[in-house]
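> just coords:
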């Protein structure tokens, strides 16, 4: 068992499972909470990366929002069997395109086990820019996606 003072990234991995077909809500932040995605091109780069992972059938994107210093991503895990590898690909590919180490190590994940919890999770994700005061209307924020719309 890891001690309570283990690095946060190690504590986040404790009990993590990867189940193909499972819906996951993933949150990850930039290094030192730098506002990397205030830059329009950087935000577009991450959105394209997430869509590319879906094209490769590694995930099925349900919803995401790219905030200035973090990402909320709701997806169904594809056949890959490795949640950490998919998140690592998203982070590595976007960092490589943007030219540097932009992500904090680790990520937080939550498996969505009940169908009734999917839509509330998606609403929470899409409303992030509103709660942060970045826009007055969700439609005005450029970096989000929801499969239902």
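Received the coordinates, thanks. Owing to the predicted nature of the structure, the values given are computational and were not obtained by experimental measurement.
> what about residue 116, which SS state?
Assigned with DSSP: H, G, I helix; E, B strand; the rest coil, residue 116 falls in the helix class.
> residue 35 versus that one, what's the distance?
34 Å (C-beta to C-beta, to the nearest Å). C-beta: built from backbone N, CA, C; applies to glycine.
> so which bits of stretch 60-74 are buried?
61-74 (16 or more other C-beta atoms under 10 Å).
> what does stretch 21-34 give?
23-26, 28-30.
> any idea how far residue 92 is from residue 134?
For residue 92 relative to residue 134 (C-beta to C-beta), the value is 27 Å.
> so between residue 116 and residue 35, which is more surrounded?
Ranked by neighbour count (other C-beta atoms under 10 Å), residue 116 and residue 35 place residue 35 first, with 12 against 8.
> give the contact list for the more buried one.
For residue 35, the contact set (C-beta atoms under 8 Å, 6 or more residues apart in numbering) comprises 68-69.
> need phi/psi at it.
Main-chain torsions, residue 35, degrees, to the nearest 10: phi -90, psi 60.
> next: residue 124.
Torsion angles, degrees, to the nearest 10, at residue 124: phi -60, psi -50.
> find the nearest non-adjacent residue to it, please.
residue 72 (7.8 Å; C-beta to C-beta, 6 or more residues apart in numbering).
> and if you look at residue 128?
residue 65 (5.0 Å).
> pretty sure that neighbour is touching residue 138, no?
No - contact criterion C-beta atoms under 8 Å: residue 65 and residue 138 do not qualify, at 9.1 Å.
> common neighbours of those two, please.
126, 129, 144.
> I figured the second one hits residue 141, correct?
It refers to residue 129. Yes - the pair residue 129 / residue 141 is scored as a contact, 4.0 Å apart, by C-beta under 8 Å.
> pipe the buried residues of stretch 21-34 into a markdown table and attach distance to residue 52, pLDDT and secondary structure per row.
Formatted as a markdown table, the buried residues of stretch 21-34 follow (distance: C-beta to C-beta, whole Å; pLDDT from 0 to 100; DSSP: H, G, I helix; E, B strand; the rest coil):
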| residue | distance to residue 52 | pLDDT | secondary structure |
| --- | --- | --- | --- |
| 23 | 20 | 96 | strand |
| 24 | 18 | 97 | strand |
| 25 | 20 | 97 | strand |
| 26 | 16 | 98 | strand |
| 28 | 17 | 98 | strand |
| 29 | 21 | 98 | strand |
| 30 | 20 | 98 | strand |
